[in-house]
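Asks: Can you look at this prediction? I've put the sequence above it.
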Amino acid sequence: MSKEIKGYRQQPGKLPFAKPGSGGREPFSKLRDLEMIPESEGGKRPQPKGKNRHDHLLTGSSVGKRTPLVDSNWKVTGQAKYGDDIRIPNELIGRILRSPHHYARIRSIDTSEAEAIPGVLAIETGQQHTDLFGVLPVTKDEHAMAVDKVRHVGDLVACVAAENEATALEALRKIKVDYEILKPIHNMKKSLDNVEEPIHDRGKYHIGQSNVQKRVFQEFGNFEGMKKPHASSKEKWKFAGVNHGFTEPHAVVANWEPSGRLTLYTPQQVPHYVHRSLADVLKIPMHQINVHRTFVGGGFGGKSDPFPHEMCAAILARKTGRPVRITFDRDEVFYTNRGRHPSQIEMNVHVDDNARICGIETDALIDGGAFASFGHVTTYYNGVLHTAPYEIGSFHYTGARVWTNKPASGAMRGHGAVNSRCAVELGIDDICTQLEVDPISFRLANLLPPHSSTITGFRITSIGMRECLERVREACDWEQKFRKLPLGHGIGIGCGFFISGSGLPIHWDPNKFPHATVHLKIDMDGGVTIHTGAADIGQGSDTVVAQSVSEVLGVPIEMIRVKSRDSDTSPVDLGSYSSRVTFMNANAAISAAIEIREELLKATAEICNVSKDSLVIGDRRIYQKKDPAVGVSYLEALHKAQEDRGALVSSGAYRTPPMGGVHKGAAAGLAPAYSFSAYAAEVKVDPETGITKVIKVWAAHDCGRALNPLSVEGQIIGSCHMGLGQVLTEEMKYGRNGSLLNPNLLDYKIPTVHEMPEVVPIIVESNDPEGPFGAKEAGEGPLLPILPAVCNAVYDAIGIRTNELPITPDKLYKQIEKKMKVLDIKSPLDLPNPTLEHSELQKTLDERTIQHRNRDQERKLNTEREPYYNGTLFGKVSTIPPEEQDENWTLSVTPSEEYLTKPRLAGSAWKHQEVRYMKKGDDA
Amino acid sequence: MKTPPFKLFQPTTIEEAIEISSGFIQNNEQFDWIAGGTDLLPNYKWHLNTKPNVISLALIEDLFHLDSNHIGAMVRLHDLANFEDTHSIIRKAAASIASVLIRQSGTVGGNIALDTRCFWYNQAEEWRRSIDWCHKCDCDTSADCRVIANQNELCVATYQADLAPSLMVLNAQIHLCGPDGSRNMPLSEFFELDGIKRNVLKQGEIITHLTISEDANNWKGDYQKLSLRDSWDFPEAGVAAAWRYSAQSPDDGLDLRIATTALESIPRLHDNITNDALINKSTIDEIAIKLRLDVKPVNNTTFPPNYRKKMVEVLCKKALDGLKGELT
């Protein structure tokens, strides 16, 4: 069939050219599996949640199938190369000198004695590298090494490159640093005050003379209802800081290659930010740097900042002309931290006489440690990420992030949402106890519908919250257990809500550059090469991108190879944070694959002389839908498409649709879709010791569509483990002098296999209209509900509602003793066991639930649906924004004078004036 | 984190081992013994009291013997826990130590002679520098104790090993061998109240084995451990109790022993309390309260001392559960 190329003459009798490629490990093409094709496309897969924009692309190849991660064989055979596995000939070992003081000014550093040690090749200090960097462009406050001040024990002071580790360590001991000790601050409350020497100086943007790094004020809604609530829950919480506890400590290798360019090998979640920061600090253009992402031995948010030690490795390598490898000890990982912020949160939840949540008032003071990291965003997330999934009458949030002389807090799985979510879910449980109603019924009767707008203007698309709650209730046998188990045995519920990709690409204008770009290349062999900058950190991003392309092109997954390691070959990508990869990269991959798909269809149409629209793609074969005998193999179509041009290449991109409000901070928490989850946890608490054991968890998560159910389940179970650590055992403990007492994995208590309960993952598929094949995130959201579910179960077990995490036995026992004293009972075994007799309100809730269930189903299926704004439940017209119909509707992002006369804790950060507005003498 | 270099010696007999140690003593050279290494090596990595010479006991066959009355110092904790003839109280305690992997390496002798622990001691070198050193390891620095300020007299680091109390309540004898010959004593007399000195072992002396009398089988009892996690963690408090009925006992024929661990610098047998209890016919609750008042934990482990103290009472009640009905 193929066209002879002019100018080339075949020898008489010579065999035709062999066809390259075979089409995967399975030699023969199979017919399309109609069970995987949606009904609307002529298949048998039911669509109870309606259609998806990618339905016509489904070929039944790999989406929705339990798929082992494409890089798993490297890991299980020990061939995966993590940061410290990179060995380049002639390498040097780098080590870092760290501050022994919490806060001090560096007067001088004398490296002469250390430099004289044979085998020491370079020693660098901060003096020569004064350019600032940081993960967020608005808060760059880090140096490669301390320039003038050290800000916490473990802060970087100098770095050494030597022939081996022992020599490098010896050199560190010989570096003499003269410090002037400054007065450190460890208590986050004290950081709200003006001090002589704030930990950072932000110039005209500095807030007073204080250590407040970021403050947020938000008021939305009609506050009339909140003034006279029917019931209220008010609690002051304390959350300890926790660390990610990933297996692989930070490690980096820097090599200035013979080309004169730098390659940095690093286990990074966000190679692109490192790329930018290296260019800043080293003062060389980005095109002279290749950032190579190694395998990542766990990140969870802890490897998403550009790090000083990465700068140090590059600096040392440039100075010595030899590759430099730096690998951290575990204590250095704790000093680098970026874990969840220690927080003090005041959470007030109010409901009206109709059991509607008429107000949530949150005040969150979060301890950022010594640097900004992602903190700007965290400060917003502590508020805005609990404005859903419930419809609320009003929302008041004050948040402040302060600097203290501790290792920096940052982003950690469930970024910013976890602590306040726990507090709000306990508030709801408390209110349900007061109202004598079932907490699941209460939640079911207060949910936002699909395709609605939250009180702060987030655009909710799909929402599987209702199904999550209903399925969990059934699976755990809730009706038989809740408030009916004996003393010391309890069950509890908790919900979660999380972004599926941050709507704002921090470093550029979303109108100009896409969030994610994916390139494809297919040559004669038929294998598909994907170039993406999405960082596989173990969550399976390579797999999800491979699955998406495999699905669209109808080829098995082993014909796909993902090249995602080098910034030299990957399109720019924001990396793995904010649970964006599946949503954004798979969407970009699908659009790249659509381009190739079109070429293949066109070629097939030409070969078979049929209309392109009559064709479908199956397993390595493209054929007429009504007559599968008419068609060609994938390779034939490919080779036809390749004629005259060689390899097929395409590029696909994803950008979020325009959305959200225009108020200050409106972009924080904005996402193209949101995930929802509901967990029930069953616990046993020993009232005599306060020891809590979680015995079983039922975990329902709405991930839109499980592209790979195997990894979604893995994420749910892993999230449970991680969340259980925070709720029961994990805590970064600081001694009375501010020292971190447990920077090691013996004393930092991650739950072991003995503490891990059975987890029953329940995947809920709400089919997001914009998600890739309907998918949303499953990496972070599943962590949120486990904390409140366990806390609420502890209440069900012994009638004690905690307000401090982790609920270590000593803390719980203290509360038990307190309760015994109040009730005047002698033995903890005589504690009263909570019971429940439904009040009249239960009926109201049940009736409303039925109405809302119908409302939600209608909105799911009706593509001509009208808008729905938060506030409808309180009698507003659903289709008009509440601020346009209620003159008492507040929308404010700065506090009033009146508020400032009696601010709450974090709110008091607003008493300061920013320096740029200050007249001399103000704010003294 | 790098283990500092040391010279390793691997004698095959007790005599040879003592000869090596005697040589070091004569030459005024410092050395350590190593058994399973699960305590020593992490400490070395943290540069805690490292020595240039280390004598391994791993090749001395005589130290591995295990039967119902004789427990060699080099018997692995895993083997002790899984040996049918081991007394049930000891088995329970042995099986609760650290993790299954550590029990495969860790030994009985190593557990008995476990270094005392403290938040301000079990830390990396740089960390200790940040608190201006710890006097348990950085001796020449004259650092102050961080747990109880202004006292450098007595180190209050906590003894956090599980085996000792169970062995004590079964009246185990500990056998030592050193340059000055062999000696033995009840295990309860082996420990010395100081987190640095820890026990009576003289320089160059090793634990060879423990013996348990034939009569141990007449004793019943229990070991109760408090820890945050069910694996890996050192005990935050541990109570062992054992009792028997015999003709020689006073009154109704009940003998009772209780020992505690992880509450002070040494494990302790609380004979004063049990003798008193038997004479006064105390109830379990009364004994438990007395035990709580008899221990003095300090703030240098995971749980706060007041909680550990209160839990001693609970653990004691749980350990004596088998006597319910007898002592009410």
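Replies: Received it, and whenever you're ready, just let me know what you need. Numbers count the residues shown, from 1 in each chain, chains lettered A, B, ... in the order given.

Asks: how far does stretch A:397-415 stretch from start to finish?
Replies: Using Cα to Cα, to the nearest Å, the gap from the first to the last residue of stretch A:397-415 comes to 17 Å.

Asks: how far out from the middle of the chain is that stretch?
Replies: Stretch A:397-415 sits 15 Å away from the centroid of its parent chain (Cα atoms, centre = their mean, to the nearest Å).

Asks: what residue lies at the spatial centre of chain A?
Replies: Most central in chain A under Cα atoms, centre = their mean is residue A:578, positioned 3.7 Å from the mean C-alpha point.

Asks: residue ranges with poor pLDDT in chain A?
Replies: Within chain A, the ranges that satisfy pLDDT under 70 run A:1-25, A:920-924.

Asks: 50 - rerun?
Replies: Low-confidence segments of chain A, defined by pLDDT under 50: A:1-2, A:924.

Asks: Tell me the residue of the stretch 401-550 of chain A that sits nearest chain B?
Replies: residue A:405 (11.8 Å; Cβ to the nearest Cβ). (C-beta placed from N, C-alpha, C; glycine too.)

Asks: Quick one: residues contacting that residue.
Replies: A:102, A:103, A:151, A:152, A:153, A:184, A:185, A:186, A:199, A:369, A:370, A:738 (Cβ atoms under 8 Å, 6 or more residues apart in numbering or on different chains).

Asks: so how many other residues sit close to the third one?
Replies: Other residues lying near residue A:151 total 27 when counted by other Cβ atoms under 10 Å in any protein chain shown.

Asks: Same check on the first one?
Replies: The local packing count at residue A:102 equals 25, with neighbours defined by other Cβ under 10 Å.

Asks: For the stretch 751-900 of chain A, just list every one of the strands.
Replies: Remark: strands assigned in the stretch 751-900 of chain A by DSSP state E, counting those that start in this stretch are A:758-764, A:804-805, A:890-892.

Asks: Chain A contacts on the stretch 51-200 of chain B?
Replies: Within the stretch 51-200 of chain B, the positions adjacent to chain A are B:99, B:119, B:120, B:122, B:123, B:124, B:126, B:127, B:129, B:130, B:131, B:146 by Cβ under 8 Å from any Cβ of the partner chain.

Asks: ok, back up a step: among the strands of the stretch 751-900 of chain A, which is nearest chain B?
Replies: For those, proximity to chain B was assessed by Cβ to the nearest Cβ; strand A:804-805 is nearest, at 13.6 Å.

Asks: who does the closest one pair up with?
Replies: Strand A:804-805 has the following sheet partners, assigned by DSSP bridges: strand A:231-239 (parallel).

Asks: Now tell me what touches the partner strand from outside.
Replies: Strand A:231-239 is contacted from outside by A:340-351, A:419, A:422-423, A:426-428, A:430-431, A:434-435, A:801, A:803-805, using Cβ under 8 Å, 6+ apart.

Asks: So how do I select the buried members of the residues you listed in ChimeraX?
Replies: The ChimeraX selection below is limited to those of the contacts of strand A:231-239 classed as buried (16 or more other Cβ atoms under 10 Å in any protein chain shown):
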select /A:340,341,342,343,344,345,346,347,348,349,350,351,419,422,423,426,427,428,430,431,435,801,803,805
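
Asks: Which of the contacts of strand A:231-239 fall in strands?
Replies: Members of the contacts of strand A:231-239 lying in strands (criterion: DSSP state E): A:343, A:344, A:345, A:346, A:347, A:348, A:349, A:350, A:351, A:804, A:805.

Asks: Next, the nearest residue to residue B:161 once chain neighbours are set aside: phi, psi?
Replies: Of all residues not flanking residue B:161 in the chain, residue B:114 sits nearest, at 4.0 Å (Cβ to Cβ, 6 or more residues apart in numbering or on different chains). Reported as degrees, to the nearest 10, the phi and psi values for residue B:114 are phi -50, psi 140.

Asks: Columns distance to residue A:380 on top of the strands of the stretch 751-900 of chain A, output as JSON lines?
Replies: Below are the strands of the stretch 751-900 of chain A laid out as JSON lines (distance: least, Cβ to Cβ, whole Å):
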{"stretch": "strand A:758-764", "distance to residue A:380": "27"}
{"stretch": "strand A:804-805", "distance to residue A:380": "21"}
{"stretch": "strand A:890-892", "distance to residue A:380": "15"}
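
Asks: what does whichever strand or helix holds residue B:89 rub up against?
Replies: Assigned by DSSP states H and E, residue B:89 belongs to helix B:88-95. Outside helix B:88-95, the residues that touch it by Cβ under 8 Å, 6+ apart are B:77, B:80-83, B:86, B:103, B:162-163, B:165-167, B:169-170, B:219-223, B:225, B:238, B:240, B:242.

Asks: in it, what counts as buried?
Replies: If you call a residue buried by 16+ other Cβ under 10 Å, then helix B:88-95 has these buried ones: B:89, B:90, B:91, B:92, B:93, B:94, B:95.

Asks: For those residues, name the two members farthest from one another.
Replies: B:89 and B:95 (11.1 Å; Cβ to Cβ).

Asks: Look at residue B:286 and give its secondary structure.
Replies: Secondary structure for residue B:286, judged by DSSP: H, G, I helix; E, B strand; the rest coil, is helix.

Asks: Thank you, goodbye.
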